[in-house]
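>>> Below is the sequence, then the predicted model.
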Amino acid sequence: MFFSDFDDFLRTKGKNIEDDILPQVYEIVSMCFDAAEPRLRVDPEYLKYFPFQLFGFDFLVDAEYKVWLLEINGAPAAAERLREKIAGDICSLIIDNLFCGSDDSAAPTDKHNTTDFIRI
């Protein structure tokens, strides 16, 4: 089920992704990266480039609309219809941050920016 389908379902129950689900997802993802940060840190003396990795987080939402982390994938699979968009979004995110700077004041102020990726 894709986000739009899931959001349609949630709205029939008086809920929505933006208010009821995504804040929990953001908190879980943030906690995971906070916990793993020492092992993910890159020593600039060792590497002279900026590596990146796409992680796939799988979640379950229970009957009470509580979000549970199922697993984190270091090489996530993606639905074929999403692959081109994911690749384009990754390139935009990396290129924009590397060559255009990471001035957060220039970033879009709404949650719906040009990519589906969220900088944590």
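Nice, I can see it.

>>> and the one helix or strand in the chain whose mean pLDDT sits lowest, which residues are buried?
Sorting the helices and strands of the chain by mean pLDDT, DSSP states H and E puts helix 80-99 at the bottom, at a mean of 80. For helix 80-99, burial by neighbour count (16 or more other CB atoms under 10 Å) applies to 86, 89, 93. From N, CA and C alone the C-beta is placed, and that goes for glycine too.

>>> likewise stretch 23-34?
24-25, 28-29.

>>> Convert the C-alpha atoms of it to PDB, please.
This file holds the C-alpha atoms of stretch 23-34, laid out as PDB (Å, rounded to 0.1, in the frame of the first residue of the first chain):
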ATOM      1  CA  PRO A  23       5.600  12.300  13.700                       C
ATOM      2  CA  GLN A  24       6.000   8.800  15.200                       C
ATOM      3  CA  VAL A  25       8.000   7.600  12.200                       C
ATOM      4  CA  TYR A  26      10.300  10.700  12.400                       C
ATOM      5  CA  GLU A  27      10.900  10.100  16.100                       C
ATOM      6  CA  ILE A  28      11.700   6.400  15.500                       C
ATOM      7  CA  VAL A  29      14.100   7.100  12.600                       C
ATOM      8  CA  SER A  30      15.800   9.900  14.600                       C
ATOM      9  CA  MET A  31      16.300   7.600  17.600                       C
ATOM     10  CA  CYS A  32      17.800   4.900  15.300                       C
ATOM     11  CA  PHE A  33      20.300   7.300  13.800                       C
ATOM     12  CA  ASP A  34      21.100   8.800  17.200                       C
END
